[in-house]
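Student: pasting the sequence and the predicted coordinates here, then a few questions.
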Amino acid sequence: MMLSRTASALYWLGRYVERADFIARLIEATVRLDVMSSRPAGEAAWQSALAVSDTEEAFAASKAALTQSQVVRFLTLDTGHPGSVVRC
């Protein structure tokens, strides 16, 4: 029984780490896309990041402005958002 609980805990730990890694890579890719393009994408790039992570509605509910700093904060440090890196 204990081995089964340990295996389950390790499985879920791996899933949460994988989710946090995905969010971190998504943020990095969006920053690079915005910086390297000849015309900065601005809000469109960050709207796309929210769409890919399926968090558009949750972000809209937070009533934060659609800016790089607000989206990054929401996806990484927002303790009220269950998909943020901190919550993972």
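Tutor: Yep, it's here.
Student: which strands or helices does the longest helix seen in the chain pack on?
Tutor: With DSSP state H setting the assignment, residue counts place helix 2-36 as the longest helix in the chain. Judged by 3 or more C-beta pairs under 8 Å, 6 or more residues apart in numbering; DSSP states H and E, the packing partners of helix 2-36 are helix 43-52, helix 68-76. Bear in mind the C-beta positions are built from the backbone N, C-alpha and C, glycine included.
Student: quick one: which of those helices is nearest Ile23?
Tutor: Nearest to Ile23 among the helices and strands packed on helix 2-36 is helix 68-76; the distance by C-beta to C-beta comes to 5.3 Å.
Student: got any ranges where this structure has weak pLDDT?
Tutor: For the chain, residues meeting the criterion pLDDT under 70 lie at 1, 40.
Student: same thing but at 80, please
Tutor: 1-2, 36-42 (pLDDT under 80).
Student: the longest helix of the chain to helix 68-76, inter-axis angle?
Tutor: 170 degrees (axes from the mean of the first three to the mean of the last three C-alpha atoms, to 10 degrees).
Student: burial count for Ala7?
Tutor: 10 (other C-beta atoms under 10 Å).
Student: and the longest helix of the chain, what's buried?
Tutor: 19-20, 23, 26-27, 30, 34 (16 or more other C-beta atoms under 10 Å).
Student: about what we covered before: kindly reformat the helices and strands packed on helix 2-36 as a markdown table containing mean neighbour count and distance to Val85.
Tutor: Shown next, in a markdown table, are the helices and strands packed on helix 2-36 (neighbours: other C-beta atoms under 10 Å; distance: least, C-beta to C-beta, whole Å):
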| stretch | mean neighbour count | distance to Val85 |
| --- | --- | --- |
| helix 43-52 | 17 | 13 |
| helix 68-76 | 18 | 5 |
